[in-house]
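Trainee: Requesting a structural model of the entry that follows:
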Amino acid sequence: MKAEIVGVLFDRCGKQPGSALGPEAIRYAFERNERRDIRLMYRRNVAKWHEVRSEPLPEDRSGLKNFNQALACYMEIQGHVTGVLDRGHTPIVLGGDHSIAIGSVPAAHRHVQKLGGKLGVLWIDAHGDVNDPRTSQTGNLHGMPIAAMVGRDYPDAPDGVKDHQWKRLIDNAMQGCGMTDDQFAWLGLRDVDLGEAKYIARSMPRSLPMSMETIDRNGLLSAFDRFTAWFKASGCTHLWISFDVDVLDPVLAPGTGTAVRGGLSYREGHLLAELLNEQFFGQLIGCDVVEVNPILDSNNATVRVATEWLASLFGKKILPWGPRL
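Mentor: Residues are numbered from 1 along each chain as shown. As a prediction, the model looks like this:
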């Protein structure tokens, strides 16, 4: 496997500034890792590093926060991800706030469509991220990426700046190739707004929401088996993973602007990565790792856990003769 990293230094659509520093922190943690096997994995498998830096643009204060800057950033991400996939490599997109998935996932979706397949997305996150401008309590786009991809509440007759921007975002990001509910599964949900909960309930059983309550009651292995069955039943052929570090308990990952208590444990997180590597490595087309905020971190804990999680996803084993890819 040859990967190319797209580091997105963008945090203007999140709750707190600082996640724009996450990509460089993760890169440094890989290159200078105390574990030789992780350093070698990075050097052998990462072919190239791309950097997306967004410049401030004039904004309409009555519209979505930093909309023009965000849209320009998403389109640049799409160009990078498309290029990586066209070269036959695997894009690893490091954020930045979770809104950057509006750039990465649609690009992968269109690439898979051209191959005659269907993309499935595993959204590993404490939050649903399926608000739209009318249901969002904050107006932050990092809580809306899935809603944009499926065209939630697409305004037939835009009314006001936010509606016009939302239509423009969907038109530009999806380019007429909108995604559907049966392409999304959530794992680790525990902080879901009322409007999101209603939407997710309507989307079932096409989509697959798995909350921490589900994992607490039945265990991670059961949740993973449910995901595997759903992926097959939905007719998905390729997998994109979008991993928000706030899915982990904040004791492990304090460096994020959207921490919620009661998340995955360290070993639950790594077991999930190991299972995904074992079962889906041949179908994994790319991934996001987002919302790492070094400013809020404690002793670099969140950067380290994100780096180690990625290493497990791409094949690091506790014992080299353990379960193979």
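
Trainee: Strands of the stretch 51-200 of the chain, start to end?
Mentor: For the stretch 51-200 of the chain, applying DSSP state E, counting those that start in this stretch gives strands covering 90-94, 119-124, 184-189.

Trainee: List the contacts of the last one.
Mentor: By Cβ atoms under 8 Å, 6 or more residues apart in numbering, the residues outside strand 184-189 that reach it are 120-128, 146, 150, 200, 203, 207-212, 215, 223, 227, 230-231, 247, 263-264, 272. Where you see a C-beta, it was placed from the backbone N, CA and C, and this is true even at glycine.

Trainee: how about the least confident helix or strand in the chain by mean pLDDT: buried residues?
Mentor: Using mean pLDDT, DSSP states H and E, helix 36-45 stands out as the lowest-scoring helix or strand of the chain, at a mean of 92. Neighbour counts using 16 or more other Cβ atoms under 10 Å place 38, 41, 42, 45 of helix 36-45 among the buried residues.

Trainee: Dump those into CSV; add distance to residue 24 as well.
Mentor: Putting the buried residues of helix 36-45 into CSV (distance: Cβ to Cβ, whole Å) gives the following:
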residue, distance to residue 24
38, 17
41, 19
42, 14
45, 19
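
Trainee: Can you add mean neighbour count and distance to residue 58 and give the strands of the stretch 51-200 of the chain back as TSV?
Mentor: Converted to TSV, the strands of the stretch 51-200 of the chain look like this (neighbours: other Cβ atoms under 10 Å; distance: least, Cβ to Cβ, whole Å):
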stretch	mean neighbour count	distance to residue 58
strand 90-94	26	27
strand 119-124	26	32
strand 184-189	26	34
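
Trainee: Switch those strands over to CSV; also include mean pLDDT and distance to residue 320.
Mentor: Shown next, in CSV, are those (pLDDT from 0 to 100; distance: least, Cβ to Cβ, whole Å):
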stretch, mean pLDDT, distance to residue 320
strand 90-94, 98, 22
strand 119-124, 98, 26
strand 184-189, 98, 28
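
Trainee: Residue 295 is nearest to which of those strands?
Mentor: When the strands of the stretch 51-200 of the chain are compared by Cβ to Cβ, strand 90-94 sits nearest residue 295, at 16.1 Å.

Trainee: The closest one - which strands sit beside it in the sheet, and in what orientation?
Mentor: strand 3-9 (parallel), strand 284-290 (parallel) (DSSP bridges).

Trainee: Tell me the buried residues in the last one?
Mentor: Which is strand 284-290. Applying 16+ other Cβ under 10 Å to strand 284-290 flags 284, 285, 286, 287, 288, 289, 290 as buried.

Trainee: Would you map the helices across the chain?
Mentor: When secondary structure is read from DSSP state H, the chain shows helices at 22-31, 36-45, 67-86, 101-114, 145-150, 161-174, 194-203, 212-218, 220-233, 266-280, 301-313.

Trainee: okay, those, which one's buried deepest?
Mentor: helix 145-150 (a mean of 26; mean count of other Cβ atoms under 10 Å).

Trainee: Which among the helices of the chain is found nearest to residue 10?
Mentor: It is, among the helices of the chain and with distance given as Cβ to Cβ, helix 67-86, at 4.9 Å.

Trainee: Also compute the angle for the closest one relative to helix 101-114, please.
Mentor: Our comparison of helix 67-86 with helix 101-114, counting by axes from the mean of the first three to the mean of the last three Cα atoms, to 10 degrees, yields an angle of 40 degrees.

Trainee: Apart from its chain neighbours, what residue comes closest to the residue most central in space within the chain?
Mentor: The centroid of the chain falls nearest to residue 242 when counting by Cα atoms, centre = their mean (2.5 Å). The shortest distance from residue 242 to any non-neighbouring residue, by Cβ to Cβ, 6 or more residues apart in numbering, is to residue 288 (4.4 Å).

Trainee: And residue 270, by the same measure?
Mentor: Per Cβ to Cβ, 6+ apart, closest to residue 270 is residue 312, 5.0 Å.
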